[in-house]
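Novice: give me the fold of what follows.
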Amino acid sequence: MAAQSVGKPPAFTVVEATIPEMQRAMRERRVTARELVAQYLTRIALYDKRINAAISINPRVFEDADARDAERAAGRVRGPLHGIPIAIKDNIHTVGIPTTGGALAFAGFLPPYEATLTTNLRDAGAVIIAKTVLTELANWVAGAPTPMPGNYSAVGGFAFNPYDPRPDPRASSDGGPVLSTGGSSSGAGTAASFWAANVGSDTAGSIVNPAMLTMLVGIRPTTGLISRHGIMPITADQDTAGPMARTVTDAAILLGALVSAAPDPADPATTRCTVPPRRDYSAFLNAGALKGARIGIPRAFYYERLPGGGRGGLNDAQTALMNDAIDVLKRAGAVIVDPANLPTVLDADPAQNILSFSICSGVNNAKGRDETCTVVLKYGMKRDFNAYLATLGPAAPVTSLTELRAFNTAHARAGAIKYGQANLDISDEMDVVADKARYEADRARDVRLAGDRGFKAAIEEHKLDALLFPGWNISNLASRPGYPEIVVPIGVVPSGGGGGGANPFPPGFDPKPSPYSAAFVGLPCSEPKLIGIAYAFEQLTKRRVPPK
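Specialist: Numbering: from 1, shown residues only. A predicted model of the protein is given here:
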């Protein structure tokens, strides 16, 4: 600010700066970690009242930055995240910074231990600058008939999308954003350069969906690649953390810091994948990775309606973007296998078609009304949330899911359950012992149909390196067997509601277009290959633009 006041340009600006650019500036002594933090906090002070991306700020952020600067001055640089400000979703434990999950019962809660991934970030030299807003408890509170809007919580309120940070002006709105921020992990602060990148969590799309809607690269890694110890759960069957960043390079760097060098004894799933040497996923950033790569196009349902005029398909704007993405891949030397459909979505037997089984959610999928949906999430929330609460010891704000529901009911007038708690209700009615057989049958079906007869069948039949999907919706399926997915921005499409439909915008109000992405999905533990493909694609497209 002093430099600006005498007419001199700043030596370095964090706006749209990549992690390698920040590292280079620190090596060249053009900026320090403390100055990076100061610039980011200034942007938060200027703009976050419009965006609401941060639910809390690390009170020791300057001390942490000073410590990293002192280490650098002494010749110790821990790695590519040394001194880089990173934000973490507020369902991930951070000692000394509240971890609330957005739930009123957890307001101000300081966890008694740190998440493994948070420790990994600190060990890598990252500076934890803030916790991000989120959909309360990763969007497992309110379901039908009044589902909770994305990135709303009792503690944090609504987050707004920097690509159109206005509230929805329609009479039906309750003050939420006109352009959704998506999912339950906020990418808004990363898109707006409030920090270098952020860590989200994903059970069925909560990294890739908000990444798409805020024009970020999001990586939903193989379930088990990153330890879930210290993350408020929905279900261990599908939960994972993952990076959200403005570039594939930054996302790959952050992914390397999140994984552990060896399996985490606190999370048995971390034995699933072998991490690369030095946990270095940036080694796979290969601009030539598309040449000879075999990419499958799952036309049925995801691009085109199912035979007979059934479900699925894209609109004209989405189709145009995806056609262009396929052309880019072809010109880069990729082998396009078209179609490469998932066998399960074409199966005429409903019992063998994964599209027949949505996730049980809301009052319509309570016990006795859940025959045609999968109970994995509602069962897992009862089993794993109660087990998580037990790890908190005497610090636990509540000791069971039942107690949380009672707290919410008692504090309804204080805003604890603005949209109800139908998902918590249908979870709590599950009997972890008596309903175990039903859960195990649904879990096995999810893995068989989405994995073995879905992605795996298509990839192995056509000898593919990856499948290319439009948007983010495939994460609902990819998350069930725990397959990795990367979304890369490819443009914008018109937002809904303005064309005179059932709920049009007022005259004179024009919603901004909505960001859109291409998604690459591969087999478990194929992150190195997917990162190479996504990076090469990004270098040829570079469709991300910063919010105005």
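Novice: who's in contact with the closest residue in space to D168 that isn't next to it in sequence?
Specialist: Excluding its sequence neighbours, the residue lying closest to D168 (CB to CB, 6 or more residues apart in numbering) is V178, at 4.4 Å. Every residue, glycine included, has its C-beta placed from N, CA and C. Remark: with contacts taken as CB atoms under 8 Å, 6 or more residues apart in numbering, V178 is in contact with D164, R166, P167, D168, P169, S495, F505, P511.
Novice: determine which two of the residues you listed are furthest apart.
Specialist: Greatest spatial distance among the contacts of V178 (CB to CB): P167 and S495, at 14.1 Å.
Novice: so these two - more neighbours on which side?
Specialist: Set side by side, P167 and S495 show more neighbours around S495, with 18 against 13, by other CB atoms under 10 Å.
Novice: three-state assignment of the more buried one?
Specialist: Each residue gets one of three states, and S495 gets coil by DSSP: H, G, I helix; E, B strand; the rest coil.
Novice: next, count neighbours for the residue lying closest to it once chain neighbours are set aside.
Specialist: If the residues on either side of it in the chain are set aside, S495 comes closest to P511, at 4.0 Å by CB to CB, 6+ apart. Applying other CB under 10 Å, we find 17 residues neighbouring P511.
Novice: any idea how far I88 is from P511?
Specialist: Look at P511 and I88: by CB to CB, to the nearest Å, they are 31 Å apart.
Novice: next up, the contacts around A65.
Specialist: T32, A33, R34, L36, V37, G83, P85, V127.
Novice: what about it, which helix or strand?
Specialist: When elements are defined using DSSP states H and E, A65 is found to belong to helix 61-73.
Novice: buried residues in that helix, which are they?
Specialist: For helix 61-73, burial by neighbour count (16 or more other CB atoms under 10 Å) applies to V61, D64, A65, D66, A67, R68, D69, E71, R72.
Novice: now swap in stretch 171-183 and tell me
Specialist: So stretch 171-183, judged by 16+ other CB under 10 Å, has buried residues G176, P177, V178, L179, S180, T181, G182, G183.
Novice: and the gap between the residue positioned nearest the centre of the chain and Q539?
Specialist: The centroid of the chain falls nearest to I207 when counting by CA atoms, centre = their mean (1.2 Å). With distances defined as CB to CB, the gap from I207 to Q539 amounts to 22 Å.
Novice: equivalent analysis for A154, please.
Specialist: Using CB to CB, one gets 42 Å for the distance from A154 to Q539.
Novice: compare these two (neighbour count), which wins?
Specialist: Set side by side, A154 and Q539 show more neighbours around A154, with 25 against 18, by other CB under 10 Å.
Novice: just the CA coordinates for stretch 110-120, please, in PDB.
Specialist: Listed in PDB are the C-alpha atoms of stretch 110-120, where the atom choice follows Å, rounded to 0.1, in the frame of the first residue of the first chain:
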ATOM      1  CA  LEU A 110     -11.800 -26.200  18.600                       C
ATOM      2  CA  PRO A 111     -11.000 -29.900  17.800                       C
ATOM      3  CA  PRO A 112      -8.700 -31.800  20.200                       C
ATOM      4  CA  TYR A 113      -6.600 -33.100  17.300                       C
ATOM      5  CA  GLU A 114      -5.600 -32.200  13.800                       C
ATOM      6  CA  ALA A 115      -6.600 -33.900  10.600                       C
ATOM      7  CA  THR A 116      -3.800 -35.900   9.000                       C
ATOM      8  CA  LEU A 117      -4.100 -33.800   5.900                       C
ATOM      9  CA  THR A 118      -3.800 -30.600   7.900                       C
ATOM     10  CA  THR A 119      -0.600 -31.900   9.500                       C
ATOM     11  CA  ASN A 120       0.700 -32.900   6.000                       C
END
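Novice: and for that stretch, what's in contact with it?
Specialist: Residues lying outside stretch 110-120 but in contact with it, judged by CB under 8 Å, 6+ apart, are 88, 92-99, 128, 199, 226-227, 229-231, 241, 257-260, 264, 266-267, 391-393, 395.
Novice: ok, now stretch 11-27?
Specialist: Stretch 11-27 is contacted by residues 3, 30-33, 35-36, 39-40, 43, 72, 80-84, 193, 196-197, 245-247, 249-250, 253-254, 546 when judged by CB under 8 Å, 6+ apart.
Novice: now a PyMOL select for only the buried ones of the residues you listed.
Specialist: Buried members of the contacts of stretch 11-27, identified by 16+ other CB under 10 Å, are gathered into one PyMOL selection as follows:
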select buried, resi 31+32+33+35+36+39+40+43+72+80+81+82+83+84+193+196+197+245+246+247+249+250+253+254
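Novice: mind listing which of the contacts of stretch 11-27 are in strands?
Specialist: Secondary structure assignment by DSSP state E places A197, A245 of the contacts of stretch 11-27 in strands.
Novice: quick check: the gap between A519 and I295.
Specialist: For A519 relative to I295 (CB to CB), the value is 12 Å.
Novice: what's the overlap in contacts for these two?
Specialist: Both A519 and I295 are contacted by L468, under the criterion CB under 8 Å, 6+ apart.
Novice: ok so, going back, can I get the buried residues of helix 61-73 in JSON lines including pLDDT and distance to R24?
Specialist: As requested, the buried residues of helix 61-73 are arranged in JSON lines below (pLDDT from 0 to 100; distance: CB to CB, whole Å):
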{"residue": "V61", "pLDDT": "98", "distance to R24": "22"}
{"residue": "D64", "pLDDT": "98", "distance to R24": "21"}
{"residue": "A65", "pLDDT": "98", "distance to R24": "18"}
{"residue": "D66", "pLDDT": "98", "distance to R24": "21"}
{"residue": "A67", "pLDDT": "98", "distance to R24": "21"}
{"residue": "R68", "pLDDT": "98", "distance to R24": "16"}
{"residue": "D69", "pLDDT": "98", "distance to R24": "16"}
{"residue": "E71", "pLDDT": "98", "distance to R24": "18"}
{"residue": "R72", "pLDDT": "98", "distance to R24": "13"}
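Novice: which one of these is nearest to T402?
Specialist: The closest of these to T402 turns out to be V61 (CB to CB; 37.2 Å).
Novice: that closest one reaches I97, doesn't it?
Specialist: No: here V61 does not reach I97: they are 9.3 Å apart, not a contact under CB atoms under 8 Å.
Novice: overlap of the contact sets of those two?
Specialist: Common contact partners of V61 and I97 (CB under 8 Å, 6+ apart): I128.
Novice: tell me which of the buried residues of helix 61-73 is nearest to A107?
Specialist: Nearest to A107 among those, counting by CB to CB, is V61 at 20.8 Å.
Novice: before we move on, what SS does D425 have?
Specialist: helix.
Novice: and N209, backbone torsions?
Specialist: The phi and psi torsions at N209 (degrees, to the nearest 10) take the values phi -70, psi -50.
Novice: give me the neighbour count for it.
Specialist: A count of nearby residues for N209, using other CB under 10 Å, gives 29.
Novice: check what pLDDT it gets.
Specialist: Reading off the confidence values, N209 has pLDDT 96.
Novice: for the one 4 residues further on, same thing?
Specialist: The predicted structure scores L213 at 97 on the pLDDT scale.
Novice: just checking, it touches P513?
Specialist: No: counting by CB under 8 Å, L213 sits too far from P513 to count as a contact (11.2 Å).
Novice: between the two, which one's more packed in?
Specialist: Taking neighbours as other CB under 10 Å, L213 and P513 compare with L213 leading, 27 against 15.
Novice: just list the residues touching that one, thanks.
Specialist: With contact set as CB under 8 Å, 6+ apart, L213 has these partners: N161, Y163, L179, S180, T181, G182, G183, G187, S514, P515.
Novice: and these as a markdown table, adding secondary structure?
Specialist: A markdown table is the format used below for the contacts of L213 (three-state DSSP):
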| residue | secondary structure |
| --- | --- |
| N161 | strand |
| Y163 | coil |
| L179 | coil |
| S180 | coil |
| T181 | coil |
| G182 | coil |
| G183 | coil |
| G187 | coil |
| S514 | strand |
| P515 | strand |
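Novice: from these, pick the one nearest R448.
Specialist: G183 (26.3 Å).
Novice: which residue ranges of the stretch 201-350 of the chain form strands?
Specialist: 217-220, 240-245, 294-296, 335-337 (DSSP state E, counting those that start in this stretch).
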